[in-house]
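Trainee: The amino acid sequence is not available; the structure is as follows:
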């Protein structure tokens, strides 16, 4: 693609792409990378960005765990792997990582960001879209404190796992009876169901990312965090230090 074609293409897409997710992808994504947990909503990327898809389950197993998605077209993952740990990927191997509505599902968000940044090449981009609790079923849940996130990282998340399920079952599923609530907690835990373990607002998310980068010496810079009201989320872009 010569410079004139590139310029004309960018001008065309910039004029047509009204979706903030897509405009952000156009600006920041290039090279070869991965998208984690795309399900039925893979992110549009420009043609100079080549994506492989990663999920913790195969397409068939995803349909079993999420029967509400049975009538939708799901992305068939290229790699089945734990998106928090990315054990199938070497350090410094990817130009970008996309993880939309994923961070809230992780049990150790600090560890997840550290691992994602490690997998990026220098100058690589971590593209996150994180829901704001005010626009989701999490509206009645408290914002996860920074101190809680630090403890999840330092001690491991097992200490808080069942309490997260209890909060979810009570505040989201609205199960008030204690015996029924504990039974549902046990059921979700046994099937390793992926709830929103952590909850943020835009200000809390920005504070968390900035503090974690400094305290845990993550070699990255928060280059953009923008509210995306049409999706009830905040788009957060980090760049690995060169």
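Mentor: Happy to help now that I have it. Since the model is a prediction, treat every value here as computed from it, not as a measurement. Numbering: from 1, shown residues only.
Trainee: residues contacting the residue nearest the centre of the chain?
Mentor: Taking Cα atoms, centre = their mean, the centroid of the chain lies closest to residue 102, which sits 2.6 Å from it. Going by Cβ atoms under 8 Å, 6 or more residues apart in numbering, residue 102 touches 36, 37, 83, 128. Heads up, the C-betas are built off the backbone N, CA and C, glycines and all.
Trainee: which regions of this structure sit below the pLDDT cut-off?
Mentor: For the chain, the stretches with pLDDT under 70 are 1-18.
Trainee: Repeat the analysis, applying 90 as the threshold.
Mentor: Residues of the chain meeting the criterion pLDDT under 90: 1-18, 57, 59-74, 242.
Trainee: any chance you could map the helices in it?
Mentor: Counting by DSSP state H, the chain has helices at residues 3-16, 20-28, 59-65, 109-119, 146-155, 161-171, 178-190, 202-215.
Trainee: Can you say which of those is nearest to residue 96?
Mentor: Closest to residue 96 of the helices of the chain is helix 20-28 (Cβ to Cβ; 7.4 Å).
Trainee: For the closest one, which helices and strands make contact with it?
Mentor: Applying 3 or more Cβ pairs under 8 Å, 6 or more residues apart in numbering; DSSP states H and E, we find helix 20-28 packed against helix 3-16, strand 94-100, strand 120-131, strand 220-228, strand 233-240.
Trainee: Would you mind measuring from the closest residue to residue 89 other than its chain neighbours to residue 58?
Mentor: Among residues not flanking residue 89 along the chain, residue 119 sits closest, at 4.9 Å (Cβ to Cβ, 6 or more residues apart in numbering). Distance, residue 119 to residue 58, by Cβ to Cβ, to the nearest Å: 22 Å.
Trainee: Between those two, which is the more surrounded one?
Mentor: Comparing residue 119 with residue 58 by neighbour count (other Cβ atoms under 10 Å), the higher total belongs to residue 119, at 21 against 13.
Trainee: and stretch 169-183, how far out from the chain's middle?
Mentor: 26 Å (Cα atoms, centre = their mean, to the nearest Å).
Trainee: Run a quick neighbour tally on residue 30.
Mentor: Residue 30 is flanked by 18 other residues according to other Cβ under 10 Å.
Trainee: so what's it up against?
Mentor: 46, 48, 49, 95, 96.
Trainee: which one of those is nearest residue 182?
Mentor: residue 96 (41.9 Å).
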